[in-house]
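The following block contains a protein sequence and its predicted model.
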Amino acid sequence: GENVEQHPSTLSVQEGDSAVIKCTYSDSASNYFPWYKQELGKGPQLIIDIRSNVGEKKDQRIAVTLNKTAKHFSLHITETQPEDSAVYFCAATLPLNDYKLSFGAGTTVTVRA
Amino acid sequence: NAGVMQNPRHLVRRRGQEARLRCSPMKGHSHVYWYRQLPEEGLKFMVYLQKENIIDESGMPKERFSAEFPKEGPSILRIQQVVRGDSAAYFCASSLGTRSYNEQFFGPGTRLTVL
């Protein structure tokens, strides 16, 4: 199966600064990479995703980049705001059973006001 | 349109008891997935069900754990004879279809504590 590693485990940034979270995956056949945000007491919510045929995707202050050769992908949050404080999870799926999300261990992001 | 609903939100059981976790998918969704989140870890896939069928249970422990999604009613994750290591958050997700472009919507989770 797929193995996803995520770094860092915790990240503290000043409001207005950028936050970057990095993930690596083990199976080069993985073709779908979603990112989830989990707020305290809630379930994960999809915030952005990228497919293997695309190198970068942006949605307002959030962007994701994918390097298939190195098998890593990153989440970039610009102009961070207090409401960005949450746990962020990266995930990957394989084509054969692409309903099966393999998650990283999560990054706890704290935005300091 | 209500989201995925799970109950109870918190469940406390003593070792050896049974735990039943319920999940009602979003309206119109017939695909249900269960994930387990241990402390300080990411979510781990357990099982994928459609109405009355288990499609993939490769992530389920072989003993004590079972899941169902009956024709009528919510999906149930059942843990028999719970042990302390079963303490975790259990999340249910549902989707309209099974391909990756069919987003999985997650419920708020059931936090199981085994004393």
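The structure has been received and is ready for your questions. None of the values given here were measured: they were computed from a predicted structure. Numbers count the residues shown, from 1 in each chain, chains lettered A, B, ... in the order given.

For A:Thr10, give its distance to A:Ala19.
Distance from A:Thr10 to A:Ala19, counting by C-beta to C-beta, to the nearest Å: 11 Å. Yep, even glycine has a C-beta here, placed from its N, CA and C like the rest.

between these two, what contacts are shared?
By the contact definition C-beta atoms under 8 Å, 6 or more residues apart in numbering or on different chains, A:Thr10 and A:Ala19 are jointly contacted by A:Val109.

Confirm for me that A:Thr10 is in contact with A:Ala105.
No: with contact defined as C-beta atoms under 8 Å, A:Thr10 does not reach A:Ala105; the gap is 11.1 Å.

hang on, the earlier thing: of A:Thr10 and A:Ala19, which one has the most company?
A:Ala19 (19 against 10; other C-beta atoms under 10 Å in any protein chain shown).

Report the beta-bridge partners for the more buried one.
Per DSSP bridges, the residues bridged to A:Ala19 are A:Ile77.

distance of it from A:Ala86?
For A:Ala19, the distance to A:Ala86 equals 11 Å [C-beta to C-beta].

Need the overlap of contacts for these two.
In contact with both A:Ala19 and A:Ala86: A:Val109, using C-beta under 8 Å, 6+ apart.

Now do the shared contacts for A:Thr10 and A:Ala105.
Residues touching both A:Thr10 and A:Ala105 (C-beta under 8 Å, 6+ apart): none.

ranges for the strands of the chain?
With no chain named, the answer covers chain A. Secondary structure of chain A, counting by DSSP state E: strands at A:4-7, A:10-14, A:19-25, A:32-38, A:45-51, A:56-59, A:62-67, A:72-77, A:86-92, A:102-103, A:107-112.

Sorry, I should have been clearer: chain B.
Under DSSP E, chain B gives strands at B:5-7, B:10-13, B:19-24, B:31-37, B:43-50, B:53-56, B:65-68, B:75-79, B:88-95, B:105-106, B:110-114.

and the angle for the fourth one with strand B:75-79?
If I follow you right, that is strand B:31-37. Counting by axes from the mean of the first three to the mean of the last three C-alpha atoms, to 10 degrees, strand B:31-37 lies at 30 degrees to strand B:75-79.

Show me what strand B:31-37 pairs with in its sheet, parallel or antiparallel.
Sheet pairing of strand B:31-37 (DSSP bridges) gives strand B:43-50 (antiparallel), strand B:88-95 (antiparallel).

mind checking how far the last one is from the chain centre?
Taking C-alpha atoms, centre = their mean, to the nearest Å, the mean C-alpha location of strand B:88-95 is offset from the chain mean by 5 Å.

same thing with stretch B:31-38?
Centroid displacement of stretch B:31-38 relative to its chain, using C-alpha atoms, centre = their mean, is 5 Å.

Only alpha carbons, please: show it as CSV.
Output in CSV follows, covering the C-alpha atoms of stretch B:31-38 (Å, rounded to 0.1, in the frame of the first residue of the first chain):
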residue,chain,number,x,y,z
HIS,B,31,-20.7,4.9,-0.5
VAL,B,32,-19.5,4.8,3.1
TYR,B,33,-15.9,4.6,4.4
TRP,B,34,-14.6,4.2,8.0
TYR,B,35,-11.3,5.5,9.2
ARG,B,36,-9.6,5.3,12.5
GLN,B,37,-7.3,8.0,14.0
LEU,B,38,-5.0,7.1,16.8
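
Cool, thanks, signing off.
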